[in-house]
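Q: this is a predicted model, with the sequence first.
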Number of protein chains: 4
Amino acid sequence: MSSVWGRNLKITVFGQSHAEAIGVVVDGLPAGLRIDTVELQAFLQRRAAGGAFATARKEADVPEFVSGLVDGVTCGAPVTALIRNENVRSGDYSELRDHPRPSHADYPASVRFDGANDIRGGGQFSGRLTAALCVAGGLCKQFLKTKGITIGAHIASIGNIRDKVFDPVGVTAADFLTDSFPVQDENAKAAMQELITTARNEGDSVGGTIECAAIGLPAGIGDPLFDGLENRISSIVFGIPAVKGIAFGNGFDAAELKGSENNDAYYMDGDTVRTKTNRHGGILGGISTGMPLTLKVAIKPTPSIAKEQETVELSSKSAYMLAIKGRHDPCIVPRAVPCVEAALAIALADYLV
Amino acid sequence: MSSVWGRNLKITVFGQSHAEAIGVVVDGLPAGLRIDTVELQAFLQRRAAGGAFATARKEADVPEFVSGLVDGVTCGAPVTALIRNENVRSGDYSELRDHPRPSHADYPASVRFDGANDIRGGGQFSGRLTAALCVAGGLCKQFLKTKGITIGAHIASIGNIRDKVFDPVGVTAADFLTDSFPVQDENAKAAMQELITTARNEGDSVGGTIECAAIGLPAGIGDPLFDGLENRISSIVFGIPAVKGIAFGNGFDAAELKGSENNDAYYMDGDTVRTKTNRHGGILGGISTGMPLTLKVAIKPTPSIAKEQETVELSSKSAYMLAIKGRHDPCIVPRAVPCVEAALAIALADYLV
Amino acid sequence: MSSVWGRNLKITVFGQSHAEAIGVVVDGLPAGLRIDTVELQAFLQRRAAGGAFATARKEADVPEFVSGLVDGVTCGAPVTALIRNENVRSGDYSELRDHPRPSHADYPASVRFDGANDIRGGGQFSGRLTAALCVAGGLCKQFLKTKGITIGAHIASIGNIRDKVFDPVGVTAADFLTDSFPVQDENAKAAMQELITTARNEGDSVGGTIECAAIGLPAGIGDPLFDGLENRISSIVFGIPAVKGIAFGNGFDAAELKGSENNDAYYMDGDTVRTKTNRHGGILGGISTGMPLTLKVAIKPTPSIAKEQETVELSSKSAYMLAIKGRHDPCIVPRAVPCVEAALAIALADYLV
Amino acid sequence: MSSVWGRNLKITVFGQSHAEAIGVVVDGLPAGLRIDTVELQAFLQRRAAGGAFATARKEADVPEFVSGLVDGVTCGAPVTALIRNENVRSGDYSELRDHPRPSHADYPASVRFDGANDIRGGGQFSGRLTAALCVAGGLCKQFLKTKGITIGAHIASIGNIRDKVFDPVGVTAADFLTDSFPVQDENAKAAMQELITTARNEGDSVGGTIECAAIGLPAGIGDPLFDGLENRISSIVFGIPAVKGIAFGNGFDAAELKGSENNDAYYMDGDTVRTKTNRHGGILGGISTGMPLTLKVAIKPTPSIAKEQETVELSSKSAYMLAIKGRHDPCIVPRAVPCVEAALAIALADYLV
């Protein structure tokens, strides 16, 4: 059981890749919030399939809001969004039940659910469900905007090609790209796209990292111990398939530094306490400091690859060579960018509603 | 609010560095579990202060169990452990209320709690509270042992000096060191200790990383989406002060690989499905695969350093030079090792009670 | 925020009376459970409008399952049921925003949600949402059946006319009526129906009580303190609109007895421990004893009555005489019977999944 | 598992009757709240044993606050109170493991906890734990006072002798008695005490009811559906041992009325919306209306009676005649009065912190 996340703002995500629908129930948004559906759709579009660097599955991802809104304004009842699964080819997946795909959830899910799990398209483990997460996140971004908080992200790396990082002290909303392949450095962008194209042509895939930031978050948001910002954010970010790591501020780099190199000196910026550097990523003791909140997420390469792979045949308990057919993203990273933004938006909204 | 963690096994951690006591309530352990207090104390000793590489504060950390045990056996009522704070020098911390220590929780905590937070020794943000976490974790380790599950960890790096990593496929309980400075490679160990000594002598500190593993975990433990193993484990691990990042399996390294390089091929080991490699760290889709569960945690350098630092005087809104006095760990990493084990033990027990 | 209930089995109810849809997400049912949709529909039909003693609003209440089922079998993903609101006459309710209906949620809801609450048909406070509750409850009843547990209920009273009560020791599934006006005593039934007809003709309404029982529940289910059966059951039963009281076993009658009159003597029934009487209603210390679980619920008379009533005009802060138009149940009790069964089924399933 | 209650204000109750201690962790009180320990102790004294109408066990019930307070002021860290169990006579209870006391939790607890439950003095099922509940409730009462909210209660009945009820519209803090046997009608009080004395002399016990009210609660507090005031309040009130029923407003009496008799007409009292009557008990749709919140609780007669009773010998699966020795309350109702106040205070504080 695991489809519900949140304390003050509760989201319930439902659906499977090939079910009739996926969707999300968002409970706890303040009443009276006008939803800008055009802005929401633009956000969802960033996640939706399309372009040369993603899967061939076309998903319109236009949510139908079946509850919670009256004339486009939240009424205090849970907001429920439904996205029909229309472009479903169930026939592609018939072989998978007996031959778990390496590094997919197929095998552990079959153990967990006694073989009754929905194998079609990855079932509830499909990246498809991030569309529902993005609906919730898009709503939360609009809520956060009313509080002066903006969230953005970019592809920090694909394979070993790196974009430049956000300025942890001075990042502004102007740095937040909203195209479908958000990279700040144009040279890096071209190289990343070439790497993905090569992987696709080889029937392979590549991973990458995403950097995400929230600006405008005041100091004092968060809680100690188990409900700190890092705890809460990571508990939802790992709900995005393929995420294998998360780090805040300078993260794993901090582990190589001395305290004198890693500490961020305070200074007064008028009446505001700020830090000269921001290795702490805007969080100390689980609580925001007022500096930009920054985090980095590791995305593994898509496990679905066309290349033949070794697996097992569960029924006969024997070895089996598997060639995965069907539609795959050679690189999930670009589409995961808005998902990370969504997760962060939901996590922050949970403290602020 | 944040002192409670868990779903099926709930722990409530309480206390502050200089309060009368710290402690933990553990609710949900099965009735009838005999607690080995000698084994528990040995585990707690690994976290307790001592040795040349830690703070001078001596903490006996002998918990008094005030509820939940009858003749050393759990009775189904919550197990409550109390640890008195005895070696408290409150006078050391008088200057801090007005001069927040860089990269400590002092400043955000004062905003969060309107200046009423307990500033003495870091209050509830103190690493001292990990003693309570370790009591809970030690109990959970004993519970997990009844299920055939063992957890171990080691210092993976201090600064830029690295220990060899666990064999992700073949790690066994014999690899789990239990001394106060657990490093596998003796040369690395010596170099790490020298680095810490140097930092101490310079009035500085160093960070590091910890690798942790659980073996014996059967396949099928975990849940999709928001209650996956990564979600749940990270939500508690970030409750350990100074943790800035967490990664599972090959973590951030996966982001640089191709799918064909990162995928783990399945094979039959007798009747058991296993993977030839274990880049996935024993978790796929949030659910265990039966392979060793591996994770890595980044620990920032202790922010308390003797070197003078720039901060602000909150009352006068002016710049201030701060020299932190008192007892500090030049490197918190060794003492954090059992804390990470404890957090993982609690997270796994939550699924299995 | 309040649409989510449960610990191991989580239900998320959404919708408003006049939203596009209402529905429920049920997370935590075991995978592999075959859903009997005919049986489910028959259960839902008991709640749906119809007959001479209920509202004129015709509701088909046929849920569409958009996730969680594969070929009619649970797959481990949340089961989501959607019920479209089709027979909606929004025009009926235009006057209500400014003139709160006595003893309805209109006024407190407008304060709670700053006037943005959905006033149409009672919005999220409408009894309409119990259709979603009954879907979840119907699924849970089918799950409980696999454990040998059966739940039934009947109208215990309408106004001051009482049905005979269940035999608390010997009640069996044969006692569980499934018609739309479940009363055991035919004379009482006729008198109740006459009372309702009279109330309807007078533009008035009547209240009543419902007795509910679960049989087949083994001893040892439940928890002490805050997660006892009474705690958990009441926390969901009060989610049914118009419920104003709940009592277990002989409930308020126990308060008038001596211990020697109220205690239930144990005896051995073969190898089974049973009690000769069952004033405790199958629950002691929050935990089941193996005897039938019995409870009684008080339902207030429907506040929507045709008779003119005193209220206020919020905008002008003046007195106002209100005559409520539209469709109303002169007595909600018969339709509430399956709702109480549903709530109990969900509460028990939460312990047993 | 069940020792934790709350959403925004979380309380964790621990201990058993004969453990080293009982206590409570209260997490979520606002920082900066000064605790009046004299007032708190006076509240606890109302629950503590003493007087002619209660058990002979003397309990000082002076909590030691081991965390969360700095110089008597909350600091944002969880407030932990510890009460040592000093007057323990373990020898009294040796016979009980094999011979469950009728209408006590002994038998279901032994099934639930596989015979490992702490049988001494009722273990975690003992009324003793309400001392911890009252500490939490006393703290919450002090918090609520800062919001202008006052809670009071009285013995509404013992056996069939009734006190007059609170005026549901006009009840004030002056009506809230604070003596150890709070009854408004002196004649009723004398008759109740005589009834208890008679029961005691007969080796028997008596039950009763408690009426509780909160005044000063503004309109708009609460939530729809599952987090309504009734849901939340009942979920904690049933944590008090011996409670078998709860009703809000006119409760079960409403079930006998017509809508025209039960509805509460609104009127303007200056700028304030009020109702002329208050059968709804200050709650509609789970949300406060601004009228006094009123509820009634049924307390069963203490199951511990000196009279010989039929039970079973579990080991031999045979009949057994049990005479319970030791100290018992012939009537738990007077001591339960502050417990109900405490539960209500905690439930309301959970919405308001």
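A: Sure, I can see it.

Q: could I get the buried residue list for stretch A:105-115?
A: Of all the residues in stretch A:105-115, those buried under the rule 16 or more other CB atoms under 10 Å in any protein chain shown are A:105-113. Where you see a C-beta, it was placed from the backbone N, CA and C, and this is true even at glycine.

Q: in helices, which of those fall?
A: Members of the buried residues of stretch A:105-115 lying in helices (criterion: DSSP state H): A:106-112.

Q: how close does the residue of the stretch 101-250 of chain A found nearest chain B get to chain C?
A: Here the stretch 101-250 of chain A gets closest to chain B at one residue, A:Ala105, 2.5 Å apart by CB to the nearest CB. A:Ala105 sits 11 Å away from chain C, going by CB to the nearest CB, to the nearest Å.

Q: what do you get for A:Ser234?
A: 21 Å.

Q: for my notes, confirm that residue occurs in a strand.
A: No. Counting by DSSP: H, G, I helix; E, B strand; the rest coil, A:Ser234 falls outside a strand, being helix.

Q: show me what contacts it?
A: A:246, B:231, B:234-235, B:238, B:246 (CB atoms under 8 Å, 6 or more residues apart in numbering or on different chains).

Q: that older thread, my guess is the residue of the stretch 101-250 of chain A closest to chain B contacts A:Gly122, does it?
A: Yes. Between A:Ala105 and A:Gly122 a contact is recorded at 6.9 Å, counting by CB atoms under 8 Å.

Q: what about A:Asp264, which SS state?
A: coil.

Q: spatially nearest residue to it (excluding sequence neighbours)?
A: A:Thr275 (3.8 Å; CB to CB, 6 or more residues apart in numbering or on different chains).

Q: for A:Asn231, same thing?
A: B:Phe238 (4.2 Å).

Q: check what pLDDT that neighbour gets.
A: Looking at B:Phe238, its pLDDT is 98.

Q: which stretches of the stretch 151-300 of chain A form helices?
A: A:186-201, A:229-237, A:259-262 (DSSP state H, counting those that start in this stretch).

Q: ranking those helices by burial, who's on top?
A: helix A:229-237 (a mean of 27; mean count of other CB atoms under 10 Å in any protein chain shown).

Q: is the most far-flung residue of chain A relative to its centre within a helix or a strand, and which one?
A: What lies farthest from the middle of chain A is A:Ser316; by CA atoms, centre = their mean that is 37.4 Å. Counting by DSSP states H and E, there is no helix or strand that carries A:Ser316.

Q: what segments of the stretch 51-200 of chain A are strands?
A: According to DSSP state E, counting those that start in this stretch, the stretch 51-200 of chain A carries its strands in the segments A:64-67, A:69-70, A:73-74, A:79-84, A:150-158, A:161-162.

Q: neighbouring contacts of the last one?
A: The contact list for strand A:161-162 (CB under 8 Å, 6+ apart) reads A:156, A:188, A:191-192, A:195.

Q: ok, 6 Å please
A: A:188, A:191-192 (CB atoms under 6 Å, 6 or more residues apart in numbering or on different chains).

Q: the residue of the stretch 101-250 of chain A at minimum distance from chain D - how many residues pack around it?
A: Nearest residue of the stretch 101-250 of chain A to chain D (CB to the nearest CB) works out as A:Pro224 at 7.5 Å. Residues lying near A:Pro224 (other CB atoms under 10 Å in any protein chain shown) number 30.

Q: show me the contacts for it.
A: Contacts of A:Pro224 (CB under 6 Å, 6+ apart): A:285-286, B:2, B:124-125.

Q: can you pull the pLDDT of it?
A: 95.

Q: can you tell me how far it is from B:Gly123?
A: Shown here: A:Pro224 relative to B:Gly123, a distance of 9 Å by CB to CB, to the nearest Å.

Q: report pLDDT for A:Gly290.
A: For A:Gly290, pLDDT reads 98.

Q: returning to what we had before: can you lay out the ones in helices among the buried residues of stretch A:105-115 as a markdown table showing pLDDT?
A: Below are those laid out as a markdown table (pLDDT from 0 to 100):
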| residue | pLDDT |
| --- | --- |
| A:Asp106 | 96 |
| A:Tyr107 | 97 |
| A:Pro108 | 98 |
| A:Ala109 | 97 |
| A:Ser110 | 96 |
| A:Val111 | 97 |
| A:Arg112 | 97 |
